[in-house]
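return atomic coordinates for the entry below.
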Amino acid sequence: MSAKLSWSLRWRLSVLWVLEWGITGAILTYLPIYFTEHELEVSELGQLMAVSAVGLLVAPFVVGQVCDRWMSSERYMAIAHAAGGFALLCIPPATERYQESGNGFGLLLLLIGLYAVAYFPTIPLASALTFRHLPDRDRQFGGIRIWGTIGWVAAGLSLSFWLGRNDGWAEWLDFWGGTEGIFREPLSKDSFYMAAALSFALSAFSFFLPPTPPERSPTDGVAPLETLRMFKNPTFSVLIGISFLLALVIPLYSLAVPMLVDKMLWDMKISAHWVPAVMTVGQVSEFPALLLLPFCLKRFGMKATFALGMAAWVVRYGIFAFVEPVWLILIGISFHGVCHVFLVIVIQLYVDAVCRPDLRASAQNLFAFVTMGIGMPAGFVLSGLWGDFCRIKDFEGGNFPLFFSVPAALILILLAAYWRYFAWPTPQETRV
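Predicted coordinates:
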């Protein structure tokens with residue numbers, strides 16, 4: 001029987017995840033729409049989303065060392081999210097300047113990069129902090145992490161209801177003065193302002209998180225360099241390699257699906273403001289996936305659970321290749337829960353199980369570095385070029401079937417090789 005999780009610890013970790021993923025929910029699904037509305041090309045959008053992962057290039061070497069050796073994790077979170085909030089406030093004016101003058105794309109890349117350095121390393125750090133305080137991570141992590149999904153959904157829906165308030169649903173606001181009262185007209189850049197507010201809120205709340213100082217180390221070595229020894233383990237190396245290959249094709253979802261949903265809503269004569277609301281269908285699907293994860297791990301094992309996550313990506317990209325009908329696209333979006341939980345969280349659980357206790361932050365950031373720091377930026381650049389080739393920005397002439405069928409085939413080949421040749425390590429594997 002697993003140890004009981006105290007209420008005090010549960011609510012603090014839950015709020016951490018609500019705010020951590022609420023930031024992403026406020027901007028990620030609307031980001032492609034915002035930048036295309038400001039006349040950026042798909043290839044430029046790919047570059048911006050690629051540089052957004054630069055934070056995970058420095059994460060294992062800076063954040064891991066800081067939080068595993070020098071500074072409490074909750075203090076670092078406070079500093080990082082304050083810096084991230086200020087960066088978010090600067091991105092909209094830089095975007096408008098580039099649209100008006102055609103100059104300043106470098107500044108826009110720099111601001112996105114600065115925000116990435118502040119925010120993205122905090123995601124694996126939040127996982128490491130949570131694992132550190134859970135008595136039984138395999139059984140209890142899903143119940144805590146599910147609040148991140150709630151935060152993402154709440155932020156996405158709030159953004160859509162705000163941006164779409166003049167689309168006919170909010171006549172009751174006339175009671176308060178309508179568009180000429182205390183509520184100003186919604187602007188697309190409000191997504192950044194909402195994310196900045198959540199970032200500042202998490203910075204302040206970080207001081208209420210459970211104290212998480214660096215654990216005592218058996219050596220005085222540099223923590224990020226010590227985690228590199230984990231690659232001596234063949235099973236660890238293979239799993240990270242598979243995750244890297246998946247990270248090359250997963251960005252096609254973030255880049256193109258909001259555009260596909262925008263096209264779908266356009267055909268239904270519905271504003272693009274509702275794209276974030278539709279995309280929250282994917283986050284809602286994380287609820288059953290997180291609740292089922294402990295059962296699947298116990299019943300089927302890590303190898304089969306991980307394979308289910310890969311298979312879900314094959315199916316959803318195959319669905320998106322059909323482009324229509326609407327209900328089928330919504331099913332494809334709803335596969336997000338299995339796609340994310342059965343891949344990313346399973347690997348995070350494995351990494352935490354095999355690393356030394358004093359290397360938790362560095363180990364989680366090592367995984368994030370390889371996948372989101374190297375694989376995803378490369379994937380976003382390739383996706384942008386592939387998107388231009390398939391003309392997905394063109395609602396009428398865009399070749400969405402080709403755009404999605406190629407990555408579906410690539411993941412299917414990877415899945416077949418994984419299932420045939422890879423043997424998952426046992427839970428008793430020696431820590432590195």
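
show me what the helix or strand hosting Leu293 is packed up against.
Assigned by DSSP states H and E, Leu293 belongs to helix 286-320. Here helix 286-320 touches helix 137-163, helix 234-249, helix 251-267, helix 326-334, helix 336-340, helix 346-354, helix 400-421, going by 3 or more C-beta pairs under 8 Å, 6 or more residues apart in numbering; DSSP states H and E. Every C-beta, even on glycine, is put in place using the N, C-alpha and C of the backbone.

most neighbours per residue, which of those?
helix 336-340 (a mean of 24; mean count of other C-beta atoms under 10 Å).

can you give me how far that helix is from the chain middle?
11 Å (C-alpha atoms, centre = their mean, to the nearest Å).

let me know the pLDDT of the residue nearest to Phe207 when sequence neighbours are not counted.
In space, and not counting its chain neighbours, Phe207 is closest to Ala78: 6.1 Å by C-beta to C-beta, 6 or more residues apart in numbering. At Ala78, the model reports a pLDDT of 91.

wait, Ala78 touches Ala204, no?
Yes. Between Ala78 and Ala204 there is a contact under C-beta atoms under 8 Å: 7.5 Å.

quick revisit: gap between the residue nearest to Phe207 and Met194?
Using C-beta to C-beta, to the nearest Å, we find Ala78 at a distance of 20 Å from Met194.

these two: which has the busier surroundings?
Neighbour totals were compared for Ala78 and Met194, and Met194 leads with 21 against 18 (other C-beta atoms under 10 Å).

okay, now the nearest residue in space to the more buried one that is not next to it in sequence: neighbour count?
Nearest non-adjacent residue to Met194, counting by C-beta to C-beta, 6+ apart: Ala26, 4.4 Å away. Ala26 has 29 neighbours, counted by other C-beta under 10 Å.

which ones are touching Ala26?
Ala155, Gly156, Ser158, Leu159, Ser191, Met194, Ala195, Leu198 (C-beta atoms under 8 Å, 6 or more residues apart in numbering).

for Ile333, see how far away the second one is.
Going back to what we said before, that points to Gly156. 12 Å.

what do these two both touch?
By C-beta under 8 Å, 6+ apart, the residues touching both Gly156 and Ile333 are Met279.

contacting residues for Glu74?
Listed by C-beta under 8 Å, 6+ apart, the contact partners of Glu74 are Leu129, Ser206, Phe207, Leu209, Pro210, Pro211, Thr212.

so what's it closest to, chain neighbours aside?
Leu209 (3.9 Å).

that neighbour: what's it in contact with?
Contacts of Leu209 (C-beta under 8 Å, 6+ apart): Arg12, Leu13, Leu16, Ser73, Glu74, Met77, Leu129.

and the third one, its phi and psi?
The one in question is Leu16. phi -50, psi -50 (degrees, to the nearest 10).

report how many residues lie close to it.
26.

low-confidence ranges in the stretch 151-300 of the chain?
Applying pLDDT under 70 to the stretch 151-300 of the chain flags the ranges 163-184, 186, 215-225, 267-274, 276-277.

rerun that using 90 as the cut-off
151-195, 206-300 (pLDDT under 90).

isn't Ile242 up against Leu414?
Yes. If you go by C-beta under 8 Å, Ile242 and Leu414 touch, sitting 6.8 Å apart.

before we move on, the earlier item: please identify the helix or strand for the residue nearest to Phe207.
helix 73-101.

which helices and strands does whichever helix or strand comes after that helix pack with?
Scanning forward in sequence from helix 73-101 by DSSP H and E, the next helix or strand is helix 105-119. Under the contact definition 3+ C-beta pairs under 8 Å, 6+ apart, helix 105-119 sits against helix 42-51, helix 55-58, helix 73-101.

need the ones you listed in TSV (columns: distance to Lys303).
Below are these laid out as TSV (distance: least, C-beta to C-beta, whole Å):
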stretch	distance to Lys303
helix 42-51	31
helix 55-58	26
helix 73-101	31
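
tell me the most buried of those helices?
Most buried among the helices and strands packed on helix 105-119, given mean count of other C-beta under 10 Å as the contact rule, is helix 55-58, at a mean of 24.

can you pull the contacts of the residue nearest to Phe207?
Contacts of Ala78 (C-beta under 8 Å, 6+ apart): Ser203, Ala204, Ser206, Phe207.

how about a cut-off of 7 Å?
Contacts for Ala78 were tallied using C-beta atoms under 7 Å, 6 or more residues apart in numbering; they are Ser203, Ser206, Phe207.

ok so, going back, Leu366 is nearest to which of the helices and strands packed on helix 105-119?
Closest approach to Leu366 among the helices and strands packed on helix 105-119 is made by helix 55-58 (9.9 Å; C-beta to C-beta).

average pLDDT for that closest one?
63.

so can I have JSON lines of the helices and strands packed on helix 286-320 showing distance to Gly318?
Converted to JSON lines, these look like this (distance: least, C-beta to C-beta, whole Å):
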{"stretch": "helix 137-163", "distance to Gly318": "25"}
{"stretch": "helix 234-249", "distance to Gly318": "13"}
{"stretch": "helix 251-267", "distance to Gly318": "13"}
{"stretch": "helix 326-334", "distance to Gly318": "8"}
{"stretch": "helix 336-340", "distance to Gly318": "13"}
{"stretch": "helix 346-354", "distance to Gly318": "22"}
{"stretch": "helix 400-421", "distance to Gly318": "5"}
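
returning to that earlier point: go through the contacts of Ala26 and name the one nearest Ile329.
Gly156 (16.8 Å).

and the contacts of stretch 316-326?
257, 260, 264, 328-329, 331-332, 335, 339, 400-401, 404-405, 407-408.

looking at those, spot the one nearest Leu31.
Looking across the contacts of stretch 316-326 and measuring by C-beta to C-beta, the closest to Leu31 is Val257, at 11.8 Å.
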